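> Whatever this is, show me its structure:
(4 chains)
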Number of protein chains: 2
Amino acid sequence: MRMSARPQNVHQARLLRLLRDEGPRSRAELGDVVRLSRSKLAVELDRLVELGLVEGAGLAASRGGRRSGIVRLSPSLRFVAFDIGATSIDVAVTDGGLEVLGHVSEQCDVRQGATVVLERALELLGKLRDEGLIPQVHGTGIGVPGPVSFRDGMPVVPPIMPGWDRFPVRDAIGQELGCPVLVDNDVNLMALGELHAGLARSVDDFLLVKIGTGIGCGIVVDGAIYRGVSGSAGDIGHIRVDDDGPICACGNAGCLEAFFGGAALARDAEAAARSGESPALAALLETHGELSAEHVGEAAAAGDPAAVQMIRAGGRHVGQVLAGLVSFFNPGLVIIAGGVAGLGHTLLAEIRSVVYRRSAPLATGNLPIVLSELAGTAGVVGGARLISDHVFSAS
Amino acid sequence: MRMSARPQNVHQARLLRLLRDEGPRSRAELGDVVRLSRSKLAVELDRLVELGLVEGAGLAASRGGRRSGIVRLSPSLRFVAFDIGATSIDVAVTDGGLEVLGHVSEQCDVRQGATVVLERALELLGKLRDEGLIPQVHGTGIGVPGPVSFRDGMPVVPPIMPGWDRFPVRDAIGQELGCPVLVDNDVNLMALGELHAGLARSVDDFLLVKIGTGIGCGIVVDGAIYRGVSGSAGDIGHIRVDDDGPICACGNAGCLEAFFGGAALARDAEAAARSGESPALAALLETHGELSAEHVGEAAAAGDPAAVQMIRAGGRHVGQVLAGLVSFFNPGLVIIAGGVAGLGHTLLAEIRSVVYRRSAPLATGNLPIVLSELAGTAGVVGGARLISDHVFSAS
DNA sequence: CGATCTTTGTCCTCTGAGTGGAAAAAGTCA
DNA sequence: TGACTTTTTCCACTCAGAGGACAAAGATCG
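Reported below is the predicted structural model:
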């Protein structure tokens, strides 16, 4: 297989990103958008065709004269994304425009360690390859549920990933697949996914709050992920909500996660079931033997008052933290995502209510707070976006 | 007076910023730093000399052969900075290297409205001009104590600046002085000041927390001020600390400012004086008729336990908010500044203690938290830096 | 003190990227 | 079918920048 090609200069990179984000375009339309002379544009496009990154695709409709030639990203371009979650692996393959062509997902405990989990991820990729979806791989983006040294391409002291600390994920997978690889925090990738395909497409500065097993926040500044000096920016799960709250796994009291993380919600649900406070949850506990955040969602949807109350309380706590962050960061959009976000509009309403009441008016004046619409694909689309931004840049 | 010149391309802009930040340099040394051929470098430097922005300054010591010519920013370059505070005006003039050549300051209530205050600021500038310090003005930076629309160069709904809302500060002063003008929030300018001349010189991402009449935060991302989508980023004074705290001027309960802003501290000090809890403060109240934050600092320095206790409590509250922001933003440095920061190491110790205990370990692993060393000049240096970054950029 | 080597500055030529005009190709419209 | 538009290709021309040659200025050594 030929070594996958890269653009040779900023103009080529710009054209590739344009074709990726806006879809196929006629040469004439491209000329209207980019500020290049006709001759130069033709030269750069011809070179991209030579590199195999771009190809002609017939003629566009006439704009009153000669018809212009359409160009598109080569249909054989492929990006791969692994989204490693606390309890799941998602693997997807996209084309150059980051449309998901194939997506497999399975339960998998990240605590089995890097070797086992990555091995399994590659096996899942093998499935997609067997379907003939992957003529070649131009790049791979990987998300993991913990802090990452982006520069080194490896997790650093991740709390819920024993056996992953400083494991060279980027280099290992790069070796295996023979393509450029980037590794990032899974929440950052979800934010990138929203930036590319979700509600944040036209927003430069926004926050994505993921409520799942843990609670994290992806920060986008000027259209790019902000990672902080040691890659741990957005780690909001252990922000203090209230001094006299539950003791958190981190040792402090009253962390947001101790109020409303996946484990906390399950704990409260079982308590409500056992105390008889919630008949709906008691029934679910009877059936399944244990309770999770999803069961609270079910019970709330069925109208169980105790479950609704739990979601309200959680939303209030998230809202309190978020209100502070909104005052501080003044984002143009806040997206709520993650498993618990499936709890839906009850949760959203409570968060909105607190944020709009407690944040600086100037910051909330025109601030949409919305639920993610990307369901399970935000992470993998973000992974593809991450690596395609890298590959579609001038060396 | 000749229209003040601007660099014509990115290379010239780069050279100007280099000379500004690193001081005079020989042409040979500049050649080592910038990646340009000798001929090109000579051409660009000659053009800068023609523009009057740069001039020769003798010969450097030999490095083993012919001595190289030193170049420096023209000594007649001048930047002006206005730092409008809640109760003060600072005016300073700097040379091209942003060294403060003259600085005047006076008490002035910002609530007198834009026209009066700006008029007074220009009068103060006149004083400096009378001293012959200002052959010409190449640019002016202005800081105001409230949210600013940076793009429009005007305050927007500033809470403590009646009569300033949407007053076209940038255009008015630009008209008056006939030079480029930029307007920003005063805390942002302090952050820029620290970036240029203070402890943040080598840090890309940091926070500057100003505790004064209000409490605000300057956010630096990648060496540039982050302002948020509506220019209100860093407005942390009304982040909730505790639900059952004092009622704040903003209408909510338990805001940080309601605990530890200038007004809150004065209020608590008078209470402690009247209740007899603090003999030192009672004596100061007797003398001055009223108390302010500075008096608390005095009393604490004299060993008054009640005053020390007040500072400790305040530091704890600031620390609680800051701990959350550190987890979220993962800065490389936090600087504490502002009038109340004069309360010194008692305050700093308390803030550190809370932040190091309550923030994510990865974020605090290598996080200095320090007091500003720039005293009163951070704001005006930041103003000069703001406008010089603008003037020293390619159109 | 002179010869030689090193560094710096200047000049000049050469190259290659990019621009814009002209003309050919391909369509539209009346 | 003819006049007009739009698109593409081709080509000559311009200009920025690189880099070599040489001169100027100083260091080093005998």
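> Residue A:220 sits in which helix or strand?
strand A:215-221 (DSSP states H and E).
> Mind listing the strands that strand pairs with, and their directions?
Strand A:215-221 has the following sheet partners, assigned by DSSP bridges: strand A:206-211 (antiparallel), strand A:224-225 (antiparallel).
> which other residues reach that strand?
Strand A:215-221 is contacted from outside by A:185-192, A:195, A:200, A:203-210, A:225-226, A:233-237, A:256-257, A:260-261, A:318, A:325, A:329, A:338, B:221, B:226, B:328-329, using CB atoms under 8 Å, 6 or more residues apart in numbering or on different chains. In short, each C-beta sits where N, CA and C put it, glycine included.
> Run the chain-centre distance for it.
10 Å (CA atoms, centre = their mean, to the nearest Å).
> Show me the strands in the stretch 51-200 of chain A, by range?
Using DSSP state E, counting those that start in this stretch, the strands of the stretch 51-200 of chain A run over residues A:54-59, A:69-73, A:79-84, A:88-94, A:100-107, A:139-144, A:148-149, A:154-155, A:181-185.
> ok, and which of these has the densest surroundings?
strand A:79-84 (a mean of 29; mean count of other CB atoms under 10 Å in any protein chain shown).
> Strand partners (parallel or antiparallel) of that strand?
strand A:88-94 (antiparallel), strand A:139-144 (parallel).
> just to revisit the earlier point, report the angle between the strand holding residue A:220 and strand A:181-185.
Per axes from the mean of the first three to the mean of the last three CA atoms, to 10 degrees, the angle that strand A:215-221 makes with strand A:181-185 is 120 degrees.
> Distance check, the closest residue to residue A:139 other than its chain neighbours against DNA strand D.
Spatially, and ignoring its direct neighbours in sequence, residue A:139 is nearest to residue A:387 (3.7 Å; CB to CB, 6 or more residues apart in numbering or on different chains). According to CB to the nearest atom of the strand, to the nearest Å, residue A:387 and DNA strand D sit 30 Å apart.
> Compute the mean per-residue pLDDT across the helix or strand harbouring residue A:387, please.
Using DSSP H and E, residue A:387 falls within helix A:378-391. Averaged across helix A:378-391, the pLDDT comes to 97.
> Please point out which parts of it sit buried.
Across helix A:378-391, burial judged by 16 or more other CB atoms under 10 Å in any protein chain shown covers A:378-389, A:391.
> continuing past the top helix by length along chain A, what's the next helix or strand?
Counting by DSSP state H, the longest helix found in chain A is helix A:305-329. Sequence order places strand A:334-337 as the next helix or strand after helix A:305-329, per DSSP H and E.
> Can you point out the buried residues in the helix or strand following that next one?
Using DSSP H and E, the next helix or strand after strand A:334-337 towards the C-terminus is helix A:345-358. By 16+ other CB under 10 Å, the buried positions in helix A:345-358 come out as A:346, A:347, A:348, A:350, A:351, A:352, A:354, A:355, A:356, A:358.
> and residue A:339, what does it touch?
A:211, A:212, A:213, A:262, A:293, A:294.
> For ChimeraX, what selects the buried ones among the residues you listed?
Of the contacts of residue A:339, the buried ones can be selected in ChimeraX as follows, counting by 16+ other CB under 10 Å:
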select /A:211,212,213,262,293,294
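> got any ranges where the stretch 201-350 of chain A has weak pLDDT?
Scanning the stretch 201-350 of chain A for pLDDT under 70 picks out the ranges A:340-343.
> how many other residues sit next to whichever residue of the stretch 201-350 of chain A sits closest to DNA strand C?
In the stretch 201-350 of chain A, the residue that lies nearest DNA strand C is residue A:223 (24.4 Å; CB to the nearest atom of the strand). Neighbour count of residue A:223, defined by other CB atoms under 10 Å in any protein chain shown: 13.
> Work out for me the element the closest residue in space to it that isn't next to it in sequence sits within.
With sequence-adjacent residues excluded and distances taken as CB to CB, 6+ apart, residue A:223 is closest to residue A:204, at 5.2 Å. In the assignment (DSSP H and E), residue A:204 maps to no helix and no strand.
> From DNA strand D, how far off is residue A:204?
Distance from residue A:204 to DNA strand D, by CB to the nearest atom of the strand: 30 Å.
> thinking that residue is in contact with residue A:222, fair?
Yes: judged on CB atoms under 8 Å, residue A:204 makes contact with residue A:222 at a distance of 5.4 Å.
> who has more neighbours, those two?
Neighbour count, other CB under 10 Å: between residue A:204 and residue A:222, residue A:204 has more, with 15 against 11.
> for that one, what are its contacts?
A:220, A:221, A:222, A:223, A:332, B:229.
> Quick one: name the residues of the stretch 1-150 of chain A near chain B.
residue A:147 (CB under 8 Å from any CB of the partner chain).
> State which one residue of the stretch 1-150 of chain A is found closest to DNA strand D.
residue A:65 (1.9 Å).
> Count the residues that sit near that residue.
So residue A:65, with other CB under 10 Å, has 7 neighbours.
> Equivalent analysis for residue A:132, please.
Residue A:132 has 8 nearby residues by other CB under 10 Å.
> Let's see the pLDDT reported for it.
The predicted local confidence for residue A:132 is 87.
> distance of the most centrally placed residue in chain A from residue A:169?
Nearest residue to the geometric centre of chain A (CA atoms, centre = their mean): residue A:190, 1.1 Å. Noted for residue A:190: a distance of 18 Å to residue A:169, by CB to CB, to the nearest Å.
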